[in-house]
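> I'd like to go over a predicted model; first the sequence, then the structure.
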Amino acid sequence: MLRISCILLLVMAATANAQPKADPKLKIVGWVENVTVAEVDITFKAKLDSGAKTSSIDAEVIDIRKVGKRKKGYTGEQVVFSIKNDNNNKSVTFERDIVRYVRIKKKNGGFLRRPVIKMELCIAGRQVNEEVNLANRENFIYPLLIGRNMMQHAKLSVDPSRTFVSRARCTEE
């Protein structure tokens, strides 16, 4: 009986210390990285925030209009918005379908409702087409926040002790 107990204890100890195998495709990045909006070649400093589910970009919403019927993955609305790179004052206007709205809790109470669109970004050399909410982020240090959904989709893991570890641009394939 003592022998069986010792064997069980050894097996339990070995199992408790076993680490899951790391995904070989997982890329380690810093908590701040340069990220490029792929189609227009505008680069932003971005904070990678595992506390945020959805990514957010500093944008000026110009117009929201009804253009069709609501269906899965589409609200039946489009948004016209512009983004600006503070480094060179380059501004680009986009028109995108709104895939949904996100409700953001305000510090002083109440909620904000932000449109969510799909946007193609280049992070750590990886091109990702993921949801981004449009927000006025002028009072934030970083005009772009990368949330968990985009980090998971791009297979990124954040090293909180590092910044600017990777390239902002995607390589031509």
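Structure received. Residues are numbered from 1 along each chain as shown.

> quick one: strands adjacent to the longest strand along the chain?
For the chain, the strand with the greatest residue count under DSSP state E is strand 111-123. Partners of strand 111-123 in the sheet, by DSSP bridges, are strand 32-37 (antiparallel), strand 100-105 (antiparallel), strand 126-135 (antiparallel).

> Can you point out the buried residues in the longest one?
Judged by neighbour count (16 or more other C-beta atoms under 10 Å), strand 126-135 contains these buried residues: 126, 128, 130-135. All C-beta atoms are positioned from the backbone trio N, CA, C, and that covers glycine.

> With residue 81 as the reference, measure out to residue 106.
According to C-beta to C-beta, to the nearest Å, residue 106 stands 21 Å off from residue 81.

> who's more crowded, the two?
Shown here are residue 106 and residue 81; by other C-beta atoms under 10 Å, residue 81 has more neighbours (19 against 8).

> May I ask which helix or strand encompasses that one?
Secondary structure assignment for residue 81, by DSSP states H and E: strand 77-85.

> For the helix or strand just after that strand, which helices and strands make contact with it?
Downstream of strand 77-85, the next assigned helix or strand under DSSP H and E is strand 90-97. Helices and strands touching strand 90-97, by 3 or more C-beta pairs under 8 Å, 6 or more residues apart in numbering; DSSP states H and E, are strand 77-85, strand 111-123.

> got the angle for strand 90-97 vs strand 32-37?
With axes from the mean of the first three to the mean of the last three C-alpha atoms, to 10 degrees applied, the angle from strand 90-97 to strand 32-37 works out at 70 degrees.

> could you give the angle of strand 90-97 to strand 77-85?
If you take the same axes, to 10 degrees, strand 90-97 sits at 160 degrees to strand 77-85.

> Strand 90-97 pairs with which strands, parallel or anti?
Sheet pairing for strand 90-97, using DSSP bridges, gives strand 77-85 (antiparallel).

> Enumerate the positions of the strand it pairs with that are buried.
Going by neighbour count (16+ other C-beta under 10 Å), the buried part of strand 77-85 is 77-79, 81, 83-85.
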